[in-house]
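>>> Let me see the structure of the following:
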Amino acid sequence: EKPDSKPDYGHHLRMSMCLDGIERPYCLFVPNRKELGSAPLFVYLHGGVTRSEIREEPLAYAENAPFLSLCKERGWFHLTPFGQKGAAWWDRVGMTNIMRQITIVKSQYDIDDNRVYLGGFSDGGSAAFCLAMVKPSVFASFIALNGHIGVGSLDGDLSTFVQNMSQTPVYAVTTDKDSLYPTNVMAPTLDLAQRFGAKLTYRMLPGTHTFDYSTTEIPRISRFMDCSVRNPIPSTIDWETATSEYGRCHWLQILELAPFLKRKSWHKDANICLVSDRITIGFHEDSEFKGEGDKVKSLAKGHTVARQIGLREGDVIIAGGNMTIKSAKDLAAYKKTLKRGSPIELTVLRENKPHTLRGTIPPPEYYYLFKRQRPSGRVKARLQGNRFILETSCAAIVRLLLNSDQLEPGSRVEVYADDERVYTGEAVIDYGFLIRDFIQRRDRKNIYYGFIDVKL
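You can find the predicted model right below:
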C-alpha cells in the first residue's frame, strides 16, 4: 500500500500483497464521522476460506456483510479481508494478511486501538476462535458464529490452547441443526474452554448452518462489544505456546522453550476426544455449472470417498442410489440418508455416458480436538509495582516488554521466576526496538520502549 492511498468516506475495494507474492483484495468501509476522536474497527472474516478462488465481486459481498449496517449506524470502520486455499485464516499467509491489513488501516486512520473487534461466520467463526488463542493482544473481543474451536489446529496445524482465551472475551453461537458444527458436537468443546478459564459467552440457538438469527442476535453482540474494551496492559497474563512465532501476548513473550524439562503440576493439557460421523464425499462442486446435476470441479485431498469410488473431475452427479440429483441440494438430501459404514452409490455422467460408482463410507472416526505434535511451554505472569512475578513450565527464555504506563523508564525492576529472583536492573529505553515494534503494530495506546530478557 502507498502511504498516501487513503480513501475517503464510503466502501472501497483495495489490494494487499501477501507473503506468497499474490495480491488479494480486501474491502474497507470508511465512516462519515462528524464527531472528533478515534473510531472502532470491526474485522469480518467470511466462510468457505479453503475454496480455490477468491469470492467473486468482493465489494458486492462486503456490502452485504452482516455487521456492516451496525458499523454504518455507529460510525465504525469495517474491514473485510478475503482468503482462499493457501491463504486461509489459520495459515501463515492468511493470518499475516489479516494483521497487515489492520496495521495499514491503523496507519492511515484514527482507529481506537482498544476497540478493534474481529468476528466471522463458519470458517470465519473458526478463525475467531483460533486468533483468540494465538493473537489476542490486538483485539477487544472476538465473535465466533457457527465455527469450530479446533479448526486452527486440525486444518491449520497450529498449536492452540483454550486457556489462552482467558486474555480476551469471546462471544460464541452454535445452532442445533447445523450440518457442519451442531450444538451437540460443539458444546463439550466450549465447556472445556470455560473450565480452563476462557472468557466465553456462549449461546445455543435453534437453526441450521446459516446466519438466520442475525436480526435478533446482532443487537446482543453489539451490547457485548460495548462492554468489551481492551485493557492494553493487563496486570496478569497466562500464556501457552509451542512455537516462538506465537509466543507473545501483551507484555509477555516466550522466546524459547525447554521441552526437556518436566511439566509443572498446573501445566495441564486441555483436550478432549471427539467423534466424526459427518458424511462427506470429498469433492469441490463447480458453482458455475448451469445444467441439471452436481458437477465435480476438483477432488479434495486425502483418502476420501470420492477417490475410493473413482469420482473424477468433470463428472456430473445425476443420482444417488434411487434419488435423482438435479442440484447440490438434492445431493445434500441424499447424504442425509447415509450413515458411516454404509454403502454409497452415485450415478454420474462422464463424457455424456452414465456410470455407476459404488463404495463404502468409512466408519466413524475418533480424533482429538487439538493436535499435540509439539511440546509446549506455559508462563503465568503478573506485575506488582516494579516487580514481575513468573510461574514457568517448560520455558527457557522469557521477554518482558516495558511500557511507561506500567514502569517509568529508569525505574528499578525486579524479576522473580518460580520463587527465585532472576533479574535486578533498570528499565532502559531501546529506541531502535521502540520504533521497530511500533511500525509493526501501529498501536498508539500500547507502546513498548524496551524489554528485559530472562533466562530461566
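
>>> where in the chain is pLDDT low?
Within the chain, the ranges that satisfy pLDDT under 70 run 1-5, 34-36.

>>> quick one, longest helix in it?
Under DSSP state H, the helix in the chain containing the largest number of residues is helix 92-108.

>>> Could you pull out the buried residues of that one?
Along helix 92-108, the positions that meet the burial threshold by neighbour count (16 or more other C-beta atoms under 10 Å) are 93-95, 97-106, 108. Glycine gets a C-beta too; all of them are placed from N, C-alpha and C.

>>> Quick one: residues contacting residue 18.
With contacts taken as C-beta atoms under 8 Å, 6 or more residues apart in numbering, residue 18 has the following neighbours: 24, 87, 93, 96, 97.

>>> how near is it to residue 95?
11 Å (C-beta to C-beta, to the nearest Å).

>>> Residue 376: which of the buried residues of helix 92-108 is nearest?
For the buried residues of helix 92-108, the closest approach to residue 376 (C-beta to C-beta) belongs to residue 95, at 18.9 Å.

>>> For the residue nearest the centre of the chain, identify the helix or strand it belongs to.
Centroid check for the chain by C-alpha atoms, centre = their mean gives residue 127 as the closest residue, at 2.0 Å. Following DSSP states H and E, the helix or strand that holds residue 127 is helix 123-134.

>>> what about dumping the CA coordinates of that helix to CSV?
Coordinates of the C-alpha atoms in helix 123-134 are reproduced here as CSV (Å, rounded to 0.1, in the frame of the first residue of the first chain):
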residue,chain,number,x,y,z
ASP,A,123,-14.8,-20.6,8.7
GLY,A,124,-14.8,-17.0,9.9
GLY,A,125,-16.1,-18.1,13.3
SER,A,126,-13.5,-20.9,13.5
ALA,A,127,-10.8,-18.2,12.7
ALA,A,128,-12.2,-16.0,15.6
PHE,A,129,-11.6,-18.9,18.0
CYS,A,130,-8.1,-19.5,16.5
LEU,A,131,-7.0,-15.9,16.7
ALA,A,132,-8.3,-15.7,20.3
MET,A,133,-5.8,-18.4,21.1
VAL,A,134,-2.8,-17.2,19.2
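
>>> Which strands and helices lie in contact with it?
Counting contacts by 3 or more C-beta pairs under 8 Å, 6 or more residues apart in numbering; DSSP states H and E, the secondary-structure elements packed against helix 123-134 are strand 39-45, helix 92-108, strand 111-121, strand 141-145, helix 151-154, strand 170-175.

>>> ok and that helix relative to helix 92-108, angle-wise?
80 degrees (axes from the mean of the first three to the mean of the last three C-alpha atoms, to 10 degrees).

>>> And the helices in the stretch 301-450 of the chain?
Counting by DSSP state H, counting those that start in this stretch, the stretch 301-450 of the chain has these helices, from start to end: 305-309, 328-335, 431-441.

>>> which of the ones you listed sits most buried?
Looking across the helices of the stretch 301-450 of the chain with neighbours counted as mean count of other C-beta atoms under 10 Å, the highest average goes to helix 305-309: a mean of 20.

>>> between the buried residues of helix 92-108, which is nearest residue 177?
Of all these, the one with the least separation from residue 177 (C-beta to C-beta) is residue 94, at 29.1 Å.

>>> Contacts only, for the closest one.
Taking C-beta under 8 Å, 6+ apart as the criterion, residue 94 is in contact with 49, 83, 87, 88.

>>> check which helix or strand covers the first one.
Secondary-structure assignment from DSSP H and E places residue 49 in no helical or strand segment.

>>> Is it correct that it is in contact with residue 81?
No - at 9.6 Å, residue 49 and residue 81 do not qualify as touching, with contact defined as C-beta atoms under 8 Å.

>>> Those two: which has the busier surroundings?
Neighbours were tallied for residue 49 and for residue 81 using other C-beta atoms under 10 Å; the higher tally belongs to residue 81 (29 against 26).

>>> which residues pair with the nearest residue to that one once chain neighbours are set aside across the strands?
Using C-beta to C-beta, 6 or more residues apart in numbering and skipping residues adjacent in sequence, the residue nearest residue 81 is residue 26, 4.8 Å away. With DSSP bridges applied, residue 26 shows beta-bridge pairing to residue 14, residue 81.

>>> Quick check: end-to-end length of stretch 103-119?
Taking C-alpha to C-alpha, to the nearest Å as the measure, stretch 103-119 stretches 17 Å from start to finish.

>>> I should have written stretch 317-327 there, sorry.
For stretch 317-327, by C-alpha to C-alpha, the gap between its terminal residues amounts to 9 Å.

>>> Now do that stretch: everything it contacts.
Outside stretch 317-327, the residues within contact range by C-beta under 8 Å, 6+ apart are 292-296, 330-331, 333-335, 337, 344-349, 354.

>>> Look up how far residue 325 lies from the residue sitting furthest away from the middle of the chain.
Using C-alpha atoms, centre = their mean, the residue of the chain lying farthest from its centre is residue 353. It sits 44.0 Å away. Residue 353 sits 17 Å away from residue 325, taking C-beta to C-beta as the criterion.

>>> Same check on residue 18?
Computed with C-beta to C-beta, the distance linking residue 18 and residue 325 is 37 Å.

>>> Next: residue 240.
Taken as C-beta to C-beta, the span from residue 240 to residue 325 is 47 Å.

>>> Name the residue in these two with the higher neighbour count.
The residue with more neighbours, out of residue 240 and residue 325 and counting by other C-beta under 10 Å, is residue 240; that gives 26 against 23.

>>> Is it correct that the more buried one falls within a strand?
Yes - following the definition DSSP: H, G, I helix; E, B strand; the rest coil, residue 240 is counted among the residues of a strand.

>>> if we look at the sheet, which residues does it bridge to?
With DSSP bridges applied, the residues forming beta bridges to residue 240 are residue 378.

>>> Kindly present the contacts of residue 94 as CSV, with separate columns for secondary structure and distance to residue 68.
Formatted as CSV, these follow (DSSP: H, G, I helix; E, B strand; the rest coil; distance: C-beta to C-beta, whole Å):
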residue, secondary structure, distance to residue 68
49, coil, 19
83, coil, 18
87, strand, 22
88, coil, 23
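
>>> Quick one: buried ones out of those residues?
Taking 16+ other C-beta under 10 Å as the criterion, what is buried in the contacts of residue 94 is 49, 83, 87, 88.

>>> Could you identify the most distant pair in those?
49 and 87 (8.1 Å).

>>> quick revisit: pick out the most distant pair among the contacts of residue 18.
Checking these against each other with C-beta to C-beta, the farthest-apart pair comes out as 24 and 96, at 11.4 Å.

>>> returning to what we had before: from residue 316, how far out is the residue farthest from the centre of the chain?
Between residue 353 and residue 316 the distance, using C-beta to C-beta, works out to 11 Å.
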